[in-house]
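Novice: Below are the sequence and a predicted model for it; my questions follow.
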Amino acid sequence: VHFAFYAGAYAALAVGVVLLDSAKDLYFRWVEYAIGKSVHERLLRSLLRAPQAFFDRHPSGIVLNRLAADTATVDTGTTFNLACFLTDAIQIAFSLVFISGTCWPTVFFLGPACVFYLLVQQAYV
């Protein structure tokens, strides 16, 4: 009886993790699309409204290369870094809540540990 309960709970947690991770991925793909569309529109609008003298001074190959590099950075780098940051922040927050809930004396050490971490970070960054 106990095995069935724990196996069911484990399966429910696994399904929950898969569903939440899929929802997170879909949300970040939507954010990535929205950011990319906005940046691409502004970039193209400013390029098309540039004066003729800009195109006389800068060869089209350099402009095209820079445009491609900037759009690739926006398309791949921005949302990936944001997703990693938010995932790590949520995992740290839930870990601290879980640790504090299971072993409540750690709450008294978390505050000073965070202050110490910030002081060390200020010294080395």
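Specialist: That came through fine.

Novice: Just to check, T106 is in contact with S100?
Specialist: Yes. T106 is in contact with S100 according to CB atoms under 8 Å; the separation is 5.8 Å. Glycine gets a C-beta too; all of them are placed from N, C-alpha and C.

Novice: to the chain's geometric centre, what's the distance from the helix or strand of the chain with the lowest mean pLDDT?
Specialist: Least confident element among the helices and strands of the chain, by mean pLDDT, DSSP states H and E: helix 79-102 (a mean of 83). Distance of helix 79-102 from its chain centroid, counting by CA atoms, centre = their mean, to the nearest Å, is 12 Å.

Novice: any idea of the angle the strand or helix carrying Y10 forms with helix 79-102?
Specialist: Assigned by DSSP states H and E, Y10 falls within helix 2-48. Interaxial angle, helix 2-48 versus helix 79-102 (axes from the mean of the first three to the mean of the last three CA atoms, to 10 degrees): 150 degrees.

Novice: which residues touch the helix or strand just after helix 2-48?
Specialist: Downstream of helix 2-48, the next assigned helix or strand under DSSP H and E is helix 52-57. With CB atoms under 8 Å, 6 or more residues apart in numbering as the test, helix 52-57 has contacts from V63.

Novice: Could you do stretch 88-104 as well?
Specialist: Contacts for stretch 88-104 (CB under 8 Å, 6+ apart): T106, V107, L110.

Novice: I appreciate the help and will end here.
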